[in-house]
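**Student:** no sequence for this one, just the structure:
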């Protein structure tokens, strides 16, 4: 049974060269998030991209 909500537990996060962090997007699977992070990272800018999982309580899980 579905209540019509979509779970997007995977975040792509960007950190710029000043140390500021931003959420780039939320994704349903780790593979999808990793693909986006890799494609952004391959652009060659100074920003750093990585994937984090959001826990059930809304906090990120390492």
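**Tutor:** Arrived safely. Because the structure is predicted, anything quoted here is derived from the model rather than measured.

**Student:** can you give me the distance of residue 19 to residue 47?
**Tutor:** Separation of residue 19 from residue 47 (Cβ to Cβ, to the nearest Å) stands at 11 Å. Where C-beta positions appear, they are placed from N, C-alpha and C, glycine not excepted.

**Student:** ok, those two, which is more surrounded?
**Tutor:** residue 47 (15 against 7; other Cβ atoms under 10 Å).

**Student:** model confidence for that one, exactly?
**Tutor:** Residue 47 carries a pLDDT score of 87 in this model.

**Student:** verify the stated contact: it with residue 14.
**Tutor:** Yes - the pair residue 47 and residue 14 qualifies as a contact (Cβ atoms under 8 Å) at a distance of 5.1 Å.

**Student:** the closest residue to residue 49 other than its chain neighbours and residue 56, how far apart?
**Tutor:** Nearest non-adjacent residue to residue 49, counting by Cβ to Cβ, 6 or more residues apart in numbering: residue 37, 4.2 Å away. Counting by Cβ to Cβ, the gap from residue 37 to residue 56 is 23 Å.

**Student:** what ranges do the helices span in the chain?
**Tutor:** Along the chain, the segments classed as helices by DSSP state H run 30-41.

**Student:** I'd like to know how far the spatially most central residue of it sits from residue 23.
**Tutor:** By Cα atoms, centre = their mean, the mean C-alpha position of the chain lies nearest to residue 12, the distance being 1.6 Å. Distance, residue 12 to residue 23, by Cβ to Cβ: 7 Å.

**Student:** same thing with residue 34?
**Tutor:** Taking Cβ to Cβ, one finds residue 34 at 16 Å from residue 23.
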